[in-house]
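[1] Take this sequence and fold it.
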Amino acid sequence: MENEILRIEGAIKRFGGLLAVDGCSLSVQEGTIVGLIGPNGAGKSTLFDLISGFVRPDAGSIIFSGKQIGGLPAYRIARLGLVRTFQIPRALMRMTVLENMMLGSQNQTGEMIFRPILSWGRVQAQERSIEKKAEEILKFFDLLRMKDEYAGSMSGGQKKMLEMARALMADPRLLLLDEPFSGVNPALSERLIERIKMLREKGLTIMIIEHAIPYVLALSDELYVLNKGAILANGRPDQVISDPKVFEAYLGVGFDAQH
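    Sure thing, here's the model as predicted:
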């Protein structure tokens, strides 16, 4: 499709005798928010691992922005503009919030062996530019006041927001969010919903795994349900959530038996 940014066709991943992702196929349109839900053990995080390059698929294709990325290492996929967060935040606790942010910037001149010696002025200018960008993103997430505090001093919800903010330092075109609302209090969750919607308005494409169904329904343009590693249903969130097959997958009993 013309505005398609991600397409997965027949993705399969086995871990020994466990079939974690079973012929999964889906499509994500540019500029949309796509939700991915399913019972525990459905294969959601494994699918994110496949998309982002942390795990190699056993079969199938993963196409991002017209390029086959299945099997590419995570750092190469990130450089193409596909970045993810994790269910458990991975902030560096003994570094400041600002230092964590600056680590997320891509292609830093100062990381090259001889550039700090040969091009010191250029390195300093880039550092100032990266710091300014980090502060702007922290302000967007209402975290600027904490920029000089250690990341380890933040609450669980603040660490989730920091991880999302750091991901934006890489200028992603597609952002994968793995349970962004897990462990986040309701007030902070409402702020997070507003920020995610604003990011979509700015043109960012977002894919979300989340167990908190009301948040997914509030955000998603399209919803996919994964069960036992395969797509069970997809479509408009209101239609999908009322599908009897989805009730059965979550409750583990036949929908008709409950009515």
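[2] So which residues of the stretch 151-259 of the chain form helices?
    Using DSSP state H, counting those that start in this stretch, the helices found in the stretch 151-259 of the chain span residues 156-168, 186-201, 213-219, 237-241, 244-251.
[3] Quick one: list the elements packing against the longest one.
    Looking back up the chat, that one is helix 186-201. With contacts defined as 3 or more C-beta pairs under 8 Å, 6 or more residues apart in numbering; DSSP states H and E, helix 186-201 has these neighbours: strand 33-37, helix 156-168, strand 205-209, helix 213-219. No exception for glycine: its C-beta is placed from N, CA and C like everyone else's.
[4] now that helix: mean pLDDT?
    The average pLDDT within helix 186-201 is 93.
[5] Buried by neighbour count: which residues of it qualify?
    188, 189, 192, 193, 196, 199, 200 (16 or more other C-beta atoms under 10 Å).
[6] same check, this time on the third one
    Of the residues in helix 213-219, those buried by neighbour count under the rule 16+ other C-beta under 10 Å are 215, 216, 217, 218, 219.
[7] Just put those in CSV and tack on distance to residue 61 and pLDDT.
    Shown next, in CSV, are those (distance: C-beta to C-beta, whole Å; pLDDT from 0 to 100):
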residue, distance to residue 61, pLDDT
215, 30, 92
216, 26, 92
217, 30, 91
218, 32, 92
219, 27, 95
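[8] Looking at those, which one is closest to residue 229?
    Nearest to residue 229 out of these is residue 216 (C-beta to C-beta; 19.5 Å).
[9] close enough to count as contact, that closest one and residue 237?
    Yes: between residue 216 and residue 237 there is a contact under C-beta atoms under 8 Å: 7.0 Å.
[10] overlap in contacts of the two?
    Shared contacts of residue 216 and residue 237 (C-beta atoms under 8 Å, 6 or more residues apart in numbering): 35, 223.
[11] Now distance to residue 142 too, for the helices and strands packed on helix 186-201, in a markdown table please.
    Formatted as a markdown table, the helices and strands packed on helix 186-201 follow (distance: least, C-beta to C-beta, whole Å):
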| stretch | distance to residue 142 |
| --- | --- |
| strand 33-37 | 21 |
| helix 156-168 | 8 |
| strand 205-209 | 19 |
| helix 213-219 | 18 |
